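Engineer: What follows is a protein structure lacking sequence information:
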């Protein structure tokens with residue numbers, strides 16, 4: 001049975017998703033004392049609602065200003081191919097997100113690299129290690145929206 005979450009839990013999650021902050025600051029913002037607030041955070045971590053707390057790094061300042069989206073069509077739909085594909089993408093730190101899709105494209109990857117030459121190395125490494133039916137890549141020209149905030153209104 002999954003735990004229930006109330007409006008205070010949602011407010012805590014919203015605050016934590018926007019910026020990691022001390023429990024005392026969160027508690028004050030949601031109208032709790034520190035201990036009950038800390039217990040709620042702990043409960044959400046134990047329930048898996050809070051997976052981890054991380055620091056967001058500016059890609060441009062980290063030397064990886066180019067974002068490439070790669071759409072992949074698998075040559076066949078086999079578990080062995082999928083497992084090998086997982087191994088390949090896990091081994092490449094430039095691939096920061098990967099999703100299996102419905103529709104005509106099987107997978108979409110988000111790749112962060114410094115330039116086209118670095119992307120070409122990622123591409124060559126992938127096709128050297130695995131067979132693909134089709135690969136289409138698109139370079140992002142402008143980031144219109146980026147957030148790591150998950151909507152909490154459905155909790």
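Structural biologist: Great, that's in hand. Owing to the predicted nature of the structure, the values given are computational and were not obtained by experimental measurement. Residues are numbered from 1 along each chain as shown.

Engineer: Might you report the residue contacts of residue 9?
Structural biologist: Residues near residue 9 by C-beta atoms under 8 Å, 6 or more residues apart in numbering: 40, 44, 155. Backbone N, C-alpha and C define where each C-beta goes, glycine included.

Engineer: Confirm the second one sits in a strand?
Structural biologist: No. Looking at residue 44 with DSSP: H, G, I helix; E, B strand; the rest coil, it is helix, so not inside a strand.

Engineer: Could you check the pLDDT of it?
Structural biologist: Model confidence at residue 44, given as pLDDT, is 95.

Engineer: so it makes contact with residue 13?
Structural biologist: Yes. Using C-beta atoms under 8 Å, residue 44 makes contact with residue 13 at a distance of 6.9 Å.

Engineer: Compare those two (neighbour count), which wins?
Structural biologist: A side-by-side neighbour count of residue 44 and residue 13, using other C-beta atoms under 10 Å, places residue 13 first with 22 against 19.

Engineer: Need the phi and psi values for that one.
Structural biologist: For residue 13, the backbone dihedrals (degrees, to the nearest 10) come out as phi -60, psi -40.

Engineer: Repeat that for the one 4 residues further on.
Structural biologist: Backbone dihedrals for residue 17, given as degrees, to the nearest 10, come out at phi -70, psi -30.

Engineer: Which residue is the nearest non-sequential neighbour of it?
Structural biologist: Spatial nearest neighbour of residue 17, chain neighbours left out: residue 149 (4.5 Å); criterion: C-beta to C-beta, 6 or more residues apart in numbering.

Engineer: how much space between that neighbour and residue 21?
Structural biologist: Noted for residue 149: a distance of 15 Å to residue 21, by C-beta to C-beta, to the nearest Å.

Engineer: quick one: contacts for residue 122?
Structural biologist: Residues in contact with residue 122 (C-beta under 8 Å, 6+ apart) are 92, 94-95, 111, 113.

Engineer: among these, who's most crowded?
Structural biologist: In terms of neighbour count, residue 111 stands highest of the contacts of residue 122 at 25 neighbours, by other C-beta under 10 Å.

Engineer: so what's it bridging to?
Structural biologist: Using DSSP bridges, the beta-bridge partners of residue 111 come out as residue 68, residue 95.
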